[in-house]
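Q: Sequence and computational prediction follow.
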Amino acid sequence: MMNAAADIPPTDLARRLLAWYDRHRRRLPWRADPGEPPDPYRVWLSEIMLQQTTVVTVGPYFQRFTARWPSVEALAAADLDEVLSEWAGLGYYARARNLHRCAIAVAGDHGGRFPDTETGLKTLPGVGDYTAAAVAAIAFDRPATILDGNVERVIARLRRVTDPLPASKPTLKARAAEITPDERPGDYAQAIMDLGATVCTPRKPKCLTCPWSDACVARVEGVAEDLPRNLPKKAKPTRRGTCFFVVDRDGSVLLRRRPESGLLGGMQEVPSSPWTEELLPSGDAGAHAPLEGVRWRELPGHVRHTFTHFHLELTVLSGRIEDGPPVADARWWPVDRLGEAALPTVMAKVVRHALRHIA
């Protein structure tokens, strides 16, 4: 038999959460103040940035983006390399390319106005189920049900959903939809995210201050901190590769653009060999060098970086050349302007490692 906590009506749960939100809402750079209409551009931009990233990390990026491109039309008119440069460090770079594509679509196909429904929003590049629901709710006050990591945790505990993620997502979405109100759905969406971020935290949830404390089945049964459950994570493999850091006599460094598709697509890189789980035989790495006739020297140590699905370990070879010749899909960057090159984090690490050892 279900605990009596589960019998509290969904309308009462929504009312309580909204009352809590009116007192405890977070002030965030992209969030409209009470009584102010939300800006769909800022809502959409923040939601794309917040995917797989924390609020603390996103804040400065959001401020820089909106200062430089205050509207979707301004972002659409920007050069992609400039967008990638501002994005560098946020990771998941396909988001930045889709962000730019989406801005172009909104500015060109929708007259600068975002569609105001989930269905319409999902026609835009890079906008999936979660983002469409979040923008529809927050920007246009549609009664859309959002399901991010915070909401999954809150609902799993509230309704004591014990099936592990990700298989339990449809159940969690259905339970969340039961509570999503028709009145103030935008505030409700932000409220439940705030609840998960500040009260119903992964460790040591602050149940005594939660507006749903007496309705939370997991809290009543003493298992709140055990939920949600996840399937055991697979061990990440380690891939290895070699980077070629070459400098010409003017102090410019060769950078190459990665293919548009695939990991770090379209980003600048220090030219590298393929990244494989098998070590390349000694001497084979040089076959991937971007230039012939360079005397390569292996620098001490390695550059290590972790992606979502694997660890990466890079050996760095350095070389010098008198005159940097043209190289397909590459250009020579003055070393003092490398900060403008939209380098992804792993390549910024390679540059720092190389400069530290060849200085």
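A: Received it, and whenever you're ready, just let me know what you need.
Q: which helices and strands sit right next to the host helix or strand of Ala76?
A: Secondary structure from DSSP states H and E places Ala76 in helix 72-77. Under the contact definition 3 or more Cβ pairs under 8 Å, 6 or more residues apart in numbering; DSSP states H and E, helix 72-77 sits against helix 40-50, helix 94-109. Every residue, glycine included, has its C-beta placed from N, CA and C.
Q: ok, now which ones touch Asn230?
A: With contacts defined as Cβ atoms under 8 Å, 6 or more residues apart in numbering, Asn230 is in contact with 164-165.
Q: Who is it paired with across the strands?
A: Leu165 (DSSP bridges).
Q: again with Val253
A: Val247, Trp333.
Q: Wait, it touches Leu343, no?
A: No. Val253 lies out of contact with Leu343 (Cβ atoms under 8 Å); the separation is 10.5 Å.
Q: So between the two, which is more surrounded?
A: Leu343 (24 against 21; other Cβ atoms under 10 Å).
Q: and the gap between the closest residue to Val294 other than its chain neighbours and Leu254?
A: In this structure, Val294 finds its nearest non-sequential neighbour in Gly319, 3.9 Å apart by Cβ to Cβ, 6 or more residues apart in numbering. Plainly put, Gly319 is 10 Å away from Leu254 if you go by Cβ to Cβ, to the nearest Å.
Q: The two - which one has more neighbours?
A: Leu254 (23 against 18).
Q: How about that one: what's its closest non-neighbour residue?
A: Per Cβ to Cβ, 6+ apart, closest to Leu254 is Val246, 5.0 Å.
Q: Spell out which residues sit in contact with the one you found, please.
A: 253-254, 271, 290-291, 294, 318-321, 324.
Q: Out of these, which comes closest to Gly89?
A: Gly89 has its nearest neighbour among these in Val253, at 19.0 Å by Cβ to Cβ.
Q: Domain-wise, how is the chain divided?
A: Listed domain ranges for the chain are 4-226, 238-358 (source: automatic domain parsing).
Q: Columns mean pLDDT on top of the ones you listed, output as a markdown table?
A: Converted to a markdown table, the domains of the chain look like this (pLDDT from 0 to 100):
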| stretch | mean pLDDT |
| --- | --- |
| domain 4-226 | 95 |
| domain 238-358 | 88 |
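Q: Can you tell me which of the contacts of Val246 end up in strands?
A: Using DSSP state E, the members of those that fall in strands are 253-254, 318-321.
Q: Output the residues you listed in TSV, with distance to Asp129 appended to each entry.
A: Below are the ones in strands among the contacts of Val246 laid out as TSV (distance: Cβ to Cβ, whole Å):
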residue	distance to Asp129
Val253	42
Leu254	41
Ser318	46
Gly319	48
Arg320	51
Ile321	50
